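Asker: below is the structure, and that's it, no one-letter string:
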């Protein structure tokens, strides 16, 4: 006696035959999402920041200056368009300069970082103005500062609070050798 397949058996067989296709489709979708994430991350990796520090100021000071170096190894020019920090009420981009013998400082909208170039934010020039600290900033502490760029990317740096841009241990070491007297 031969049996004829019923509808239920056919549906199970069809579902089993489409299962590998469903797994392949899901795998391809996951790979596409992963590749998109990697491409987006590599776009953010065009700009890097180093040597981030915040000048130490006595307690009660409501405005601090921050400095760092930006390097753009990406294929396109980008601009630093903003910054923020949980350690401060707000962070602005500023430029100090001397005009006719008078030191001035102005808030600017952005800092261009051309492809293949490095831009230093340093005392007497471009810098971050960190306004209204949310707590005491002690020597040697690190403050997170998020930098936002014109391409939609952002990076967070750890800016060390110190008196002159070098880690305190190095300043201390340099201080001891700075008192050496040379004869001749």
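Answerer: Right, received. Where do you want to start? Because the structure is predicted, anything quoted here is derived from the model rather than measured.

Asker: only C-alpha atoms for contact and neighbour calcs from this point on.
Answerer: OK.

Asker: so who does residue 136 touch?
Answerer: Going by C-alpha atoms under 8 Å, 6 or more residues apart in numbering, residue 136 touches residue 59.

Asker: so how far is residue 149 from it?
Answerer: Computed as C-alpha to C-alpha, to the nearest Å, the residue 136 to residue 149 distance reads 28 Å.

Asker: ok, residue 70 next?
Answerer: According to C-alpha to C-alpha, residue 70 and residue 149 sit 11 Å apart.

Asker: which residues sit in contact with residue 49?
Answerer: By C-alpha under 8 Å, 6+ apart, residue 49 lies in contact with 68, 69, 70, 71, 157.

Asker: for it, name its beta-bridge partners.
Answerer: Per DSSP bridges, the residues bridged to residue 49 are residue 70.

Asker: now the strands: where do they sit in this structure?
Answerer: Using DSSP state E, the strands of the chain run over 47-55, 63-72, 78-84, 88-99, 102-107, 111-113, 118-121, 126-133, 142-149, 154-162.

Asker: and these as a markdown table, adding mean pLDDT?
Answerer: Below are the strands of the chain laid out as a markdown table (pLDDT from 0 to 100):
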| stretch | mean pLDDT |
| --- | --- |
| strand 47-55 | 96 |
| strand 63-72 | 97 |
| strand 78-84 | 98 |
| strand 88-99 | 93 |
| strand 102-107 | 89 |
| strand 111-113 | 97 |
| strand 118-121 | 97 |
| strand 126-133 | 97 |
| strand 142-149 | 97 |
| strand 154-162 | 97 |
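
Asker: quick check: residue 118 touching residue 72?
Answerer: Yes - the pair residue 118 / residue 72 is scored as a contact, 6.3 Å apart, by C-alpha atoms under 8 Å.
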